[in-house]
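Trainee: Need a 3D model of the sequence below.
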Amino acid sequence: MDDGTGLCHLSDLNGKDETIIVSYPDGTMPDGISDLELINVPFSIEYDPNASIEDILSPEVRERMSKTNLILEEYEAGVLDEREAGEALFNHLFGKQENLEEPGQDESF
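Mentor: From the prediction side, this is the model:
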């Protein structure tokens, strides 16, 4: 903020938003904040407390995040077991990979 107060705005795709003070103008931190790294950026970020996550993220990013949430929900509901969910997340996030545990494949990186 203009007075030197540091704010952190946390949002998720479920519409939950929270803004917390992470540093005061005198440089001290509120209780519960034990470590803070401030990064100077060569531009300013306009803070709009009324902006929703849908306004900030591109449709492609929202779609990828929805796919991640779907995999996690299927695991929590028992549709996918631990291994299936892990494989689905890995393939979704990093692309389909060959299984290095197959016999005859080189396991060295």
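Trainee: Show me the strands in this protein, by range?
Mentor: 6-11, 17-23 (DSSP state E).
Trainee: Would you mind saying which of these lies nearest Ala77?
Mentor: Nearest to Ala77, of all the strands of the chain, is strand 6-11, at 24.9 Å by Cβ to Cβ. All C-beta spots, glycine's among them, are computed from the backbone N, C-alpha and C.
Trainee: and the closest one, what's its mean pLDDT?
Mentor: Strand 6-11 comes out with an average pLDDT of 77.
Trainee: what angle sits between that strand and strand 17-23?
Mentor: 160 degrees (axes from the mean of the first three to the mean of the last three Cα atoms, to 10 degrees).
Trainee: Quick check: which helices or strands does strand 6-11 pack against?
Mentor: Applying 3 or more Cβ pairs under 8 Å, 6 or more residues apart in numbering; DSSP states H and E, one finds that strand 6-11 contacts strand 17-23.
Trainee: Which neighbours in the sheet does the strand it packs on have, and how are they oriented?
Mentor: strand 6-11 (antiparallel) (DSSP bridges).
Trainee: circling back to that earlier point, now render the strands of the chain as TSV, adding distance to Phe94.
Mentor: Converted to TSV, the strands of the chain look like this (distance: least, Cβ to Cβ, whole Å):
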stretch	distance to Phe94
strand 6-11	25
strand 17-23	29
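Trainee: can you list these in a markdown table and add mean neighbour count and distance to Ser34?
Mentor: As requested, those are exported to a markdown table (neighbours: other Cβ atoms under 10 Å; distance: least, Cβ to Cβ, whole Å):
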| stretch | mean neighbour count | distance to Ser34 |
| --- | --- | --- |
| strand 6-11 | 13 | 14 |
| strand 17-23 | 13 | 11 |
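Trainee: starting at the chain centroid, how far to the worst-scoring helix or strand of the chain on mean pLDDT?
Mentor: Least confident helix or strand of the chain, by mean pLDDT, DSSP states H and E, is helix 53-56 with a mean of 72. Computed by Cα atoms, centre = their mean, to the nearest Å, the chain-centroid distance of helix 53-56 equals 14 Å.
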